[in-house]
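*Asks:* next one to model:
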Amino acid sequence: MEIHAREKADVIIFDIEGEIRRSDVSDVTLHQLVKDQLDGGKRNILLNFKNVEFIDSFGVGEILAS
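*Replies:* Below is the predicted model:
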């Protein structure tokens, strides 16, 4: 999974690519990226799943936790 952040107007957009699954070992999780934006006062956050090929139950939990 790769996550790229961009800002358009007052919206933070996370473009997510690949698969969101338990086997992904990453230093930064989607949950942490969203939390960092919320902690910084950003409230308009969009998760773009256009290029996501697969989401397992762990991935669904990660999205809900975000």
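*Asks:* ok, which stretches of this protein are strands?
*Replies:* Secondary structure of the chain (DSSP state E): strands at 2-8, 11-20, 45-55.
*Asks:* the residue of the chain most remote from its centre and residue 37, how far apart?
*Replies:* Residue distances from the centre of the chain (CA atoms, centre = their mean) peak at residue 9, which lies 18.8 Å from the mean C-alpha position. Residue 9 sits at a distance of 15 Å from residue 37 (criterion: CB to CB, to the nearest Å). Quick note: C-beta positions are derived from backbone N, CA and C, even for glycine.
*Asks:* quick one: residue 12 and residue 4 touch, right?
*Replies:* No - counting by CB atoms under 8 Å, residue 12 does not reach residue 4; the two are 11.3 Å apart.
*Asks:* of the two, which one has the most company?
*Replies:* Per other CB atoms under 10 Å, whichever of residue 12 and residue 4 has more neighbours is residue 12, with 20 against 11.
*Asks:* in the sheet, who's paired with the more buried one?
*Replies:* When bridges are taken as DSSP bridges, the partners of residue 12 come out as residue 7, residue 45.
*Asks:* what helices and strands are in contact with the helix or strand bottoming out on mean pLDDT in the chain?
*Replies:* For the chain, the helix or strand with the lowest mean confidence is helix 57-65, at a mean of 90 (criterion: mean pLDDT, DSSP states H and E). For helix 57-65, the elements it packs on are strand 11-20, helix 30-39, judged by 3 or more CB pairs under 8 Å, 6 or more residues apart in numbering; DSSP states H and E.
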